[in-house]
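[1] Quick one, structure for this:
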Amino acid sequence: MKYILEHWALILLSALTILLITLILDTSWPVAYVYVVSTPSGATVSDRDDFSWTTPVLIPVQHGGLHIEVSHPGRVSVDTVLSPEMSDEAVHISLPYRFPVEISTEPSGASVILDNTVIGNTPLSISVDEPGIHHLSLSLQSLIMLEDSFILLANSPESLHYVLPRFHPSGMILIPPEASRANGILQTCLIARYEVTNIEFCEYLKIQDPTPVRDTTNRWGRTDILEIMFPSDYPLPFYINSSSEWAVQDGLDDFPIAGLTFRAAQGYCTWLTSMDTSGITFNLPTESEWRTAALAGSRGPWPWGSRRPDGNLLNLSDSSEGMLRRHPSLDDGYSYSAPVGSYPPNNWGLFDMAGNVWEYCRPVGADSAVAAMGGSWLSSMDDCRCDAIMYPDTGLGYPYIGFRVTASISSQD
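    Residues are numbered from 1 along each chain as shown. Just a heads-up that it's a prediction; the model follows:
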């Protein structure tokens, strides 16, 4: 104690010296102040120790630098590291826009893929960090597809709403007019997913010709009813069975009906309407309805887009087709028509909108004529484009022309 009292001044001086040396050697002691500004100003600057500042601000920086995050509502956050060497001039940090985007569909529940990333189901409210063009893909019920692109510029919100085709209880696809960018259809319509098959048409034939008897004065011994419906010199898939009823030859049930007249196709639609009790009126599609359904929201020129056709996409005149062989390097697996649904559907779940058989379209107005669209097993790939069209003689039957049905409903479901 006596020593401390006698040398207190020396002891105090030594302690102060040690403290000073410790402070000098401590790397956490600020060695510089960095002036940070941001665009926009008023951004929050925070470090990993939960200290925070608001720009513009002088921030103390240690020897090893300081990791900071700069954030502001409506902007993309920026991470950076400040070093003592930055104290010579202001550090300017620009925060990019964050774009609010709302995506909704009718009906809701569509799966959304944005720029090749799955982001959820509609309705969605998201933020997109990058300006420019973005690509969007919607999928409903694992089949209905829609693709679109949009541009984000400035700091304006984007609201995207799509009215999608959807499955109808009838088994057809319901297409609202909003689903067509080109307004190709003026009111909600239904369209069949498949071309009418032999087995389906046979049910109608049984009603029209309930007690068939062969007439040897007609081609191939056909009955008068069959001769009127199919005025063509080609074999048909029907025969009279042991019960004296019309039946379809083995293995041909699911092939598309072909060779019939336009009037016979219309008669089938009238019969369907008479059999329905749900308020649906069946018909043949107009050219606009058919083209809208074939494109399925795409730019074409084929139902699947711009990819060059091959034997995996449609049935056309290929190496096995014996008459014309327009594309001898292709093989679609069939010499004539194929069972409906043998090839992938388009984005709206519709099969064979290219190839297999041309499909009748009804005229609208006095200036239009009966048309056929979509190409067939005898067609070139160009004749299978969504805008390809032919105008057949309505009094004849062609082995490469069939049809699918559309319908209107009394009230939208």
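[2] ok, which stretches of the stretch 1-150 of the chain are helices?
    2-6, 8-25 (DSSP state H, counting those that start in this stretch).
[3] Lowest mean pLDDT across the ones you listed, which one is that?
    Of all the helices of the stretch 1-150 of the chain, mean pLDDT reaches its minimum on helix 2-6 (a mean of 61).
[4] just the strands in the stretch 201-350 of the chain please.
    For the stretch 201-350 of the chain, the strands defined by DSSP state E, counting those that start in this stretch occupy 238-240, 246-248, 280-283.
[5] Contact partners for residue 162?
    104-106, 110, 138, 146, 148 (C-beta atoms under 8 Å, 6 or more residues apart in numbering). Where you see a C-beta, it was placed from the backbone N, CA and C, and this is true even at glycine.
[6] pLDDT score for residue 408?
    In this model, residue 408 carries a pLDDT of 87.
[7] Which ChimeraX command selects the buried ones in the contacts of residue 162?
    Restricted to buried positions by 16 or more other C-beta atoms under 10 Å, the ChimeraX selection for those reads:
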select :105,110,138,146
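[8] Let me have the contacts of residue 162 in a markdown table, extended by pLDDT.
    Shown next, in a markdown table, are the contacts of residue 162 (pLDDT from 0 to 100):
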| residue | pLDDT |
| --- | --- |
| 104 | 96 |
| 105 | 94 |
| 106 | 92 |
| 110 | 95 |
| 138 | 92 |
| 146 | 85 |
| 148 | 88 |
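[9] Let's have the contacts of residue 162 in CSV, adding distance to residue 298.
    Below are the contacts of residue 162 laid out as CSV (distance: C-beta to C-beta, whole Å):
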residue, distance to residue 298
104, 21
105, 17
106, 20
110, 17
138, 13
146, 9
148, 10
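[10] For residue 332, state which of the contacts of residue 162 is nearest.
    Nearest to residue 332 among these is residue 146, at 27.5 Å by C-beta to C-beta.
[11] so where's the stretch 51-200 of the chain uncertain?
    The model of the stretch 51-200 of the chain has pLDDT under 70 over residues 155, 180-186.
[12] number of nearby residues for residue 92?
    When neighbours are defined as other C-beta atoms under 10 Å, residue 92 has 12 of them.
[13] Enumerate the beta-bridge partners assigned to it.
    Beta bridges link residue 92 to residue 37 when assigned by DSSP bridges.
[14] Surely it touches residue 39?
    Yes. Counting by C-beta atoms under 8 Å, residue 39 is a contact partner of residue 92 at 7.2 Å.
[15] Bridged to residue 113, which residues?
    In this entry, residue 113 is beta-bridged to residue 118, residue 137, by DSSP bridges.
[16] before we move on, the earlier item: biggest separation within the contacts of residue 162, which pair?
    106 and 148 (14.8 Å).
[17] Contacts only, for residue 307.
    residue 313.
[18] Got the domain ranges for this structure?
    Domain assignment for the chain by automatic domain parsing gives 31-96, 97-162, 165-197+254-413.
[19] Tell me which of those domains is the most buried.
    Of the domains of the chain, the one with the most neighbours on average (mean count of other C-beta atoms under 10 Å) is domain 165-197+254-413, at a mean of 19.
[20] rewinding a little: next, format the strands of the stretch 201-350 of the chain as TSV and append distance to residue 382 and mean pLDDT.
    Shown next, in TSV, are the strands of the stretch 201-350 of the chain (distance: least, C-beta to C-beta, whole Å; pLDDT from 0 to 100):
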stretch	distance to residue 382	mean pLDDT
strand 238-240	33	95
strand 246-248	33	97
strand 280-283	28	95
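[21] And the strands in the stretch 1-150 of the chain?
    32-39, 44-47, 52-54, 57-61, 66-71, 78-82, 91-94, 99-106, 111-114, 117-121, 124-128, 132-140, 144-152.
[22] and the angle from the fourth one to strand 32-39?
    Relative orientation of strand 57-61 versus strand 32-39 (axes from the mean of the first three to the mean of the last three C-alpha atoms, to 10 degrees): 140 degrees.
[23] List the neighbours of strand 57-61 that are in contact with it.
    Strand 57-61 is contacted from outside by 30-36, 45, 53, 66, 68, 82-84, 86-87, using C-beta under 8 Å, 6+ apart.
[24] same thing but 7 Å
    With C-beta atoms under 7 Å, 6 or more residues apart in numbering as the test, strand 57-61 has contacts from 30, 32-36, 45, 53, 66, 82-84.
[25] what does the second one give?
    With contact meaning C-beta under 7 Å, 6+ apart, strand 44-47 is reached by 36, 52-55, 57, 59, 66-72.
[26] Adjacent strands (with direction) for it?
    strand 52-54 (antiparallel), strand 66-71 (antiparallel).
[27] Redo those strands as TSV? Include distance to residue 207.
    Below are the strands paired with strand 44-47 laid out as TSV (distance: least, C-beta to C-beta, whole Å):
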stretch	distance to residue 207
strand 52-54	81
strand 66-71	73
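[28] Out of these, which gets nearest to residue 204?
    strand 66-71 (68.8 Å).
[29] Distance from the chain centre to that closest one, please.
    Centre-to-centre, strand 66-71 and its host chain are 41 Å apart (C-alpha atoms, centre = their mean, to the nearest Å).
[30] Could you do stretch 229-243 as well?
    41 Å.
[31] what's the answer for stretch 354-370, then?
    With C-alpha atoms, centre = their mean, you get 26 Å for stretch 354-370.
[32] for stretch 197-204, same thing?
    So, by C-alpha atoms, centre = their mean, the centroid of stretch 197-204 is 32 Å from its chain's centroid.
[33] buried set for that stretch?
    197-198, 200-202, 204.
[34] Only alpha carbons, please: show it as CSV.
    These are the backbone C-alpha positions of stretch 197-204, laid out as CSV (Å, rounded to 0.1, in the frame of the first residue of the first chain):
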residue,chain,number,x,y,z
THR,A,197,-65.4,-40.9,-85.2
ASN,A,198,-66.9,-43.7,-87.2
ILE,A,199,-68.5,-45.2,-84.0
GLU,A,200,-70.1,-41.9,-83.1
PHE,A,201,-71.5,-41.4,-86.6
CYS,A,202,-72.7,-44.9,-86.7
GLU,A,203,-75.2,-44.1,-83.9
TYR,A,204,-76.7,-41.4,-86.0
